[in-house]
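Q: Provided below are the primary sequence and the corresponding predicted coordinates.
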Amino acid sequence: MRYRTRVTAPAAALIGTAAVLAGGTTAYATPKTDDAPAPETLGDPVFPNLGNDGYRVGAYHLDLSYDPATTLVDATATLELRTTQALTRLSLDALGLDVRTVRVDGRDAGFEQADEKLRITPARALPAGARVTVCVTYTADPRRTLAHTAWVPTADGFAICPQPDSAHTVFPCNDHPSDKADFTFRITVPSTLRAVASGSLVCTEDLAGDRTAYTYRSRSPIATELVQITVGDYVVKERQGPHGLPLRDVVPVARAEALEPALALTPGLVEWLEGRLGAYPFETYGLLPCNSDAPNAFDFTGLETQTLTLYKPNYLLQAEPKIGSHMMHELVHSYFGNSVSPATWADLWLNEGHADFYGLLYRYERGWADSLGLTSFEARMKDTYARGDQWRRTSGPVAAPNAANLFDSQRYLGGVLVLYALRQLVGEDAFHEVERTFLARHRNSSASTEDYIAVASRTSGQDVSGFLRDWLYGTTTPRMPGHPDWTVTPVTPSLTAPRRQTAARWHENSATL
């Protein structure tokens with residue numbers, strides 16, 4: 001692949017950059033005889049090229065300026081890092097960004113863009129444990145055709161949907177959920193438009209040329225895949241949730257009245273969920289019905305970007321029994337997925353299994369039939385149980401996905417079945433204690449499947465590690481506690497060959513739809 005290379009560093013740094021371009025090592029650690037090079041990856045089992053080692057990000061400061069005449073975004077991304085080892089070079093994930101300059105601690109740095117990495121050579125080597133500021137200026141085109149992208153262009157601006165691995169098409173970053181960071185967003189737009197981002201509005205500036213800058217800041221760290229930035233002809237509708245929780249919805253002006261019945265459901269949803277999982281974990285919550293009716297704008301219904309869930313507007317125009325269960329699914333992600341993010345993408349079942357678990361509970365409590373016509377949790381679990389061996393054959397075990405089947409039903413309903421089995425084993429009271437303890441212990445960080453297993457064993461008062469590992473990693477479906485009569489449908493010859501799949505960007509496999 002041809003590299004797009006721009007070198008701006010002093011002569012000392014040019015030597016290092018030249019070595020890379022000439023085919024030398026791509027190591028990022030200071031060369032040592034007893035140390036391995038720092039890789040351009042965090043070793044994720046699903047996305048092995050994602051993320052970068054040698055540092056951790058403490059904060060991102062994103063300054064974006066949108067020009068509706070060109071539909072381009074001029075941006076500056078400032079990252080506050082802490083090195084975990086001595087570095088002569090470091091890398092960020094970046095794709096489709098036209099990088100103009102890179103500075104490290106205020107000094108010009110050499111850089112190159114290769115594949116989906118921005119490789120940076122600072123003017124001076126960085127010692128281990130150093131606090132470092134990296135500043136990147138660049139231009140992005142939300143309408144650029146890329147292998148994958150987070151940008152959702154609209155007629156009046158854009159929104160973004162970074163999950164799972166596309167945040168780095170919006171800003172250079174360490175694009176992995178295990179490296180959560182604080183975020184500040186400053187977005188400059190024409191005064192006729194509104195800009196909104198994850199977190200809370202902290203400043204509005206009226207600028208020359210009829211432009212306005214909106215600054216948002218997160219009170220809690222955010223995984224890069226959960227960032228939301230949107231620009232458009234929006235009105236921000238505010239209301240109060242339980243215990244005075246500020247709720248804000250970002251709504252297309254032309255649809256505000258039609259969408260109000262759906263938006264008004266949020267306070268009741270939050271109250272129901274707080275009764276099961278505890279206080280809502282962030283400073284605000286709300287919905288963003290993206291201002292686009294294009295069928296290919298994004299091929300999912302809702303996406304749990306932190307504090308502001310992205311939705312297709314037309315979906316929310318339906319009656320409550322059609323949308324309430326999935327609205328609960330997305331709200332649950334504020335706890336499982338956002339407050340506690342997956343340590344790796346193989347741990348996705350923790351997000352989606354929990355979101356479907358509580359979304360289905362909410363549905364059946366209200367007597368709403370699901371897509372199969374079933375009206376009880378037990379009936380849905382019995383149906384899912386029968387499919388267990390088939391799904392394990394075609395999609396692998398619940399906690400062992402790959403990039404092609406990451407968002408299929410095994411991570412959703414398969415994850416629900418695991419949680420149901422655990423509740424059957426330990427009892428409802430112990431199960432709820434496991435859930436709350438897990439959320440409290442790993443709040444504002446990332447957690448793995450093994451972390452959940454450890455909490456479940458300690459909190460329930462019994463060693464459930466073998467039980468959960470059989471359910472999560474076994475190639476056959478274990479017996480369901482409390483239901484010795486439940487049977488698994490045998491895998492017939494027509495089901496023995498896995499379905500041919502291509503890498504899935506998005507998903508519509510939630511049982512709450």
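A: Okay, I see it. Residues are numbered from 1 along each chain as shown.
Q: what's in contact with stretch 484-496?
A: 382, 385-390, 393-394, 476-477, 479-480 (CB atoms under 8 Å, 6 or more residues apart in numbering). Any C-beta I mention is one placed from the backbone N, CA and C, and that applies to glycine too.
Q: recalculate using a threshold of 7 Å.
A: With contact meaning CB atoms under 7 Å, 6 or more residues apart in numbering, stretch 484-496 is reached by 382, 385-390, 393-394, 477, 480.
Q: with distance to Gly286 as new columns, can the residues you listed be given to me in TSV?
A: Shown next, in TSV, are the contacts of stretch 484-496 (distance: CB to CB, whole Å):
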residue	distance to Gly286
Lys382	36
Tyr385	36
Ala386	39
Arg387	36
Gly388	37
Asp389	41
Gln390	39
Arg393	41
Thr394	37
Thr477	39
Met480	38
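Q: and these, which is closest to Glu205?
A: Distance to Glu205, by CB to CB, is smallest for Thr394 among the contacts of stretch 484-496, at 53.5 Å.
Q: any idea how far that closest one lies from Leu406?
A: Look at Thr394 and Leu406: by CB to CB, to the nearest Å, they are 14 Å apart.
Q: which one of these two has more residues nearby?
A: More crowded of Thr394 and Leu406, by other CB atoms under 10 Å: Leu406, with 22 against 19.
Q: over to the more buried one. Which of the three states is it?
A: Secondary structure state of Leu406, per DSSP: H, G, I helix; E, B strand; the rest coil, is coil.
Q: burial measure for Asn444, as a count.
A: Using other CB under 10 Å, Asn444 has 15 neighbouring residues.
Q: repeat that for Tyr412.
A: Neighbourhood size, Tyr412 [other CB under 10 Å]: 29.
Q: gap between it and Arg366?
A: Tyr412 is 20 Å from Arg366, where distance means CB to CB.
Q: in a strand, Tyr214, correct?
A: Yes: with three-state DSSP as the criterion, Tyr214 is assigned to a strand.
Q: and Thr224, what does it touch?
A: Contact analysis of Thr224 by CB under 7 Å, 6+ apart lists 162, 167, 173, 175.
Q: with adjacent residues omitted, what lies nearest to Ser448?
A: Ala343 (3.8 Å; CB to CB, 6 or more residues apart in numbering).
Q: so for that neighbour, what's the pLDDT?
A: pLDDT for Ala343: 98.
Q: distance-wise, check it relative to Pro177.
A: According to CB to CB, Ala343 and Pro177 sit 7 Å apart.
Q: quick one: the strands in the stretch 101-250 of the chain, in order.
A: Counting by DSSP state E, counting those that start in this stretch, the stretch 101-250 of the chain has strands at residues 107-108, 110-114, 117-121, 131-140, 151-154, 157-160, 182-190, 194-197, 200-207, 211-217, 229-232, 234-240, 246-252.
Q: tilt between the longest one and strand 110-114?
A: What it means is strand 131-140. Angle, strand 131-140 to strand 110-114, by axes from the mean of the first three to the mean of the last three CA atoms, to 10 degrees: 50 degrees.
Q: which residues of this structure score low on pLDDT?
A: Within the chain, the stretches with pLDDT under 70 are 1-38, 494-508.
Q: is it fair to say Asn296 lies in a helix?
A: No: the assignment for Asn296 by three-state DSSP gives coil, which leaves it out of any helix.
Q: isn't Asp175 up against Pro164?
A: No: in this structure, Asp175 is not within contact of Pro164 by CB atoms under 7 Å, at 9.3 Å.
Q: okay, the two: which has more neighbours?
A: Using other CB under 10 Å, the more surrounded residue of Asp175 and Pro164 is Asp175, with 29 against 24.
Q: mean neighbour count and distance to Leu360 for the strands of the stretch 101-250 of the chain - can I get that in TSV?
A: What follows is the strands of the stretch 101-250 of the chain, written out as TSV (neighbours: other CB atoms under 10 Å; distance: least, CB to CB, whole Å):
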stretch	mean neighbour count	distance to Leu360
strand 107-108	14	55
strand 110-114	22	45
strand 117-121	25	41
strand 131-140	18	39
strand 151-154	20	28
strand 157-160	26	28
strand 182-190	21	32
strand 194-197	25	31
strand 200-207	12	32
strand 211-217	19	33
strand 229-232	25	30
strand 234-240	14	26
strand 246-252	21	24
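Q: could those go into CSV alongside distance to Ser376?
A: Formatted as CSV, the strands of the stretch 101-250 of the chain follow (distance: least, CB to CB, whole Å):
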stretch, distance to Ser376
strand 107-108, 64
strand 110-114, 54
strand 117-121, 50
strand 131-140, 48
strand 151-154, 37
strand 157-160, 37
strand 182-190, 42
strand 194-197, 39
strand 200-207, 40
strand 211-217, 42
strand 229-232, 39
strand 234-240, 33
strand 246-252, 31
